[in-house]
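Participant: Need the 3D shape of this:
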Amino acid sequence: VGTACQGAYPSLQADESYTLTVSGGKATLTAKEIWGALWGLETFTQIVYRLDNGEFVVNDTSIEDKPRFAHRGLLLDTSRHYLSKTNILRNLDAMAQNKLNVFHWHIVDDQSFPYQSKAFPDLSAKGAYSPNHVYTQADIAEVIQFARLRGIRVVAEFDSPGHTQSWGKGQAGLLTQCYSGGQATGNYGPVDPTLNTTFPFLQQFFSEVAHVF
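Facilitator: So this is what the prediction gives:
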């Protein structure tokens, strides 16, 4: 690796290029940054094959590779379709095998709120499908670390002010009351920007999210 790791996590500006040479029974992998070295190692695993006698071999090879696109992502929606942490980790392994580098985690939406907030625990306690369908902050930290070691960034999506029906279950007075004929219908729209309580809540909540992710 040509330079020391420029940061703990991969970024959009990361140099992911690498050169892999196999010749005379020796393999040499060079990269400007650790992220390129990771993809070079992934390539090496894919050019090794097994002979009928069980021996593992690799042909003489010279590869110079770099991604065409800096953002190569996969989105998982865990609000509408909850996925266990185990399955998320399996997806990250599959992403690394295909050199995808961004996990777009659509973690909450109208349907459910599985993110477990320390500042506002009722959001998941009342907004998740069940107490078993949540992601603790320890779960999230494990996912982020698992992804980092595979050269993958985790980008979380928290829709606002719309797509927030699940938020309202655990945060009273957050959503806009709907009316018909001057009477409340019992239905709610997006986050209500007219209330003095709305922006302090959003500031505190997203400050936590920025720290976690």
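
Participant: what stretches of this protein score poorly on pLDDT?
Facilitator: Applying pLDDT under 70 to the chain flags residues 6-7.

Participant: Which residue ranges of it form strands?
Facilitator: 18-23, 26-31, 49-50, 56-57, 61-65, 73-77, 102-108, 153-158, 175-180, 183-191 (DSSP state E).

Participant: Bridge partners for the spatially most central residue of the chain, pull those for me.
Facilitator: Taking Cα atoms, centre = their mean, the centroid of the chain lies closest to residue 154, which sits 3.0 Å from it. Residue 154 forms beta bridges with residue 103, as assigned by DSSP bridges.

Participant: which residues touch it?
Facilitator: Residues in contact with residue 154 (Cβ atoms under 8 Å, 6 or more residues apart in numbering) are 103, 105, 143, 144, 147, 213. In this view, the C-beta of every residue, glycine as well, is placed from N, C-alpha and C.

Participant: Is it possible to get TSV of those residues that adds neighbour count and distance to residue 70?
Facilitator: Formatted as TSV, the contacts of residue 154 follow (neighbours: other Cβ atoms under 10 Å; distance: Cβ to Cβ, whole Å):
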residue	neighbour count	distance to residue 70
103	23	15
105	25	19
143	21	22
144	19	19
147	24	16
213	17	19
